[in-house]
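> Need a 3D model of the following:
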Amino acid sequence: METNQSIKANIVAIIILVIVSALWHPAITRAEVLKSLNLSVMDGNTLVNSKNDQADTPLNFEKLEIKPINEQLHSTVSSLKIEIDVEELRQINIARKKALELEKKRQEEERKKALEAKLAEEKAKADAKAKELTSISYDELVAKLNRSLNSTLAGKGDIFAKYATELGIDPYLAVAIVLHETGCKWNCSTLLKQCNNVGGMKGSPGCNGGSYKSFSSLDEGIKAFMNNLYNNYYAKGLTTPETIGPKYAASQTWPTKIRAYMSEIEAK
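Residues are numbered from 1 along each chain as shown. Purely as a prediction, here's the structure:
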């Protein structure tokens, strides 16, 4: 009887020890537990006191097996994993957002640099043109412009040269726009002949009740055109056909046509 009670007490101790081992160190083997209690396995189901080798109450080890991690611990680990996954996604989103912001900033800086380079190039061309113009006399410039102005604008080269010099406008560019917009290379348009509008400017009073502005004299019309070219384009850094075109005309071929007129005027 005492032996059976001793074995039962040992069994309870084994169960407690196995539970503690499973929670704190699942790697502890059953043999190590039995050894600590001076027990050994005689066969598959029998415990034997290693001191006296007496067989006692059979023990089913399957009932003593305890999972290394119980359900509560597994739930805690799963919950922790979910929290880690959510944090990783948050960090990824933060990194992605930062990368997009940096890329946007880089593109804006590139566009700004490209614009600055373009403006610098245009300024250099304008300065070169101004230097070129100083190499010829005022009378030579007037004569060159007059050789391209016909019909109603014949002989008006001095007015264009005067305002171009005062405002710092390329006279070849100004006359090229007028030739293209009015047809005065051959025969000026009705708008110019009837209402002295040399650049296709809109406003009031309207020419014949239309949307294009009427001027009292041809000189007034030329002056208004040159002032418009300076105030709305040159003063804003738009000094070439390529930069003036998108604002002045809807046609994408407008700059190319103006360039052709400019080359023709300079060559005469």
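> switch to C-alpha atoms for all contacts and neighbour counts from now on
OK.
> Count the neighbours of Ala224 for me.
17 (other C-alpha atoms under 10 Å).
> could I have the helix or strand containing it exported to PDB, CA atoms only?
Taking DSSP states H and E as the criterion, the element that holds Ala224 is helix 218-232. Output for helix 218-232, consisting of C-alpha atoms alone and laid out as PDB, is shown next (Å, rounded to 0.1, in the frame of the first residue of the first chain):
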ATOM      1  CA  LEU A 218      -1.900 103.100 -88.300                       C
ATOM      2  CA  ASP A 219       0.800 104.600 -86.000                       C
ATOM      3  CA  GLU A 220      -1.500 104.000 -83.000                       C
ATOM      4  CA  GLY A 221      -2.100 100.400 -84.000                       C
ATOM      5  CA  ILE A 222       1.700  99.800 -84.400                       C
ATOM      6  CA  LYS A 223       2.400 101.400 -81.000                       C
ATOM      7  CA  ALA A 224      -0.300  99.300 -79.300                       C
ATOM      8  CA  PHE A 225       1.000  96.100 -80.900                       C
ATOM      9  CA  MET A 226       4.600  96.900 -79.700                       C
ATOM     10  CA  ASN A 227       3.400  97.700 -76.200                       C
ATOM     11  CA  ASN A 228       1.400  94.500 -76.100                       C
ATOM     12  CA  LEU A 229       4.400  92.500 -77.200                       C
ATOM     13  CA  TYR A 230       6.500  94.100 -74.500                       C
ATOM     14  CA  ASN A 231       4.100  94.100 -71.500                       C
ATOM     15  CA  ASN A 232       2.500  90.600 -72.000                       C
END
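> what does it rub up against?
Contacts to helix 218-232, defined as C-alpha atoms under 8 Å, 6 or more residues apart in numbering, come from residues 159-160, 163-164, 167, 169, 174, 196-199, 201, 215.
> give me that answer again for 6 Å
For helix 218-232, contacts defined as C-alpha atoms under 6 Å, 6 or more residues apart in numbering pick out Asn196, Asn197, Gly199, Phe215.
> Any buried residues in it, and which?
Leu218, Asp219, Gly221, Ile222, Lys223, Ala224, Phe225, Met226, Asn227, Leu229, Tyr230 (16 or more other C-alpha atoms under 10 Å).
> So which of these is the closest to Gly237?
Tyr230 (9.7 Å; C-alpha to C-alpha).
> related to what we said a few turns ago, in terms of distance to Ser263, which of the contacts of helix 218-232 ranks first?
Using C-alpha to C-alpha, the contacts of helix 218-232 come closest to Ser263 at Gly199, 19.4 Å.
> show me the residues around the closest one that make contact.
Neighbour list for Gly199: Val178, Phe225 [criterion: C-alpha under 6 Å, 6+ apart].
> mind redoing it with 7 Å?
When contacts are counted by C-alpha atoms under 7 Å, 6 or more residues apart in numbering, Gly199 is found next to Val178, Glu181, Phe225.
> Please apply the same query to Tyr261.
Applying C-alpha under 7 Å, 6+ apart, the residues contacting Tyr261 are Ala176.
> Alpha carbons of whichever strand or helix holds Ala143, in PDB - could you do that?
Ala143 is part of helix 138-146, with elements assigned from DSSP H and E. As requested, C-alpha coordinates have been extracted for helix 138-146 and formatted as PDB (Å, rounded to 0.1, in the frame of the first residue of the first chain):
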ATOM      1  CA  TYR A 138      19.500 102.800 -87.200                       C
ATOM      2  CA  ASP A 139      19.000 103.900 -90.800                       C
ATOM      3  CA  GLU A 140      20.300 100.500 -92.000                       C
ATOM      4  CA  LEU A 141      17.700  98.800 -89.700                       C
ATOM      5  CA  VAL A 142      14.800 100.900 -91.000                       C
ATOM      6  CA  ALA A 143      15.800 100.200 -94.600                       C
ATOM      7  CA  LYS A 144      16.000  96.400 -93.900                       C
ATOM      8  CA  LEU A 145      12.600  96.400 -92.300                       C
ATOM      9  CA  ASN A 146      11.100  98.400 -95.100                       C
END
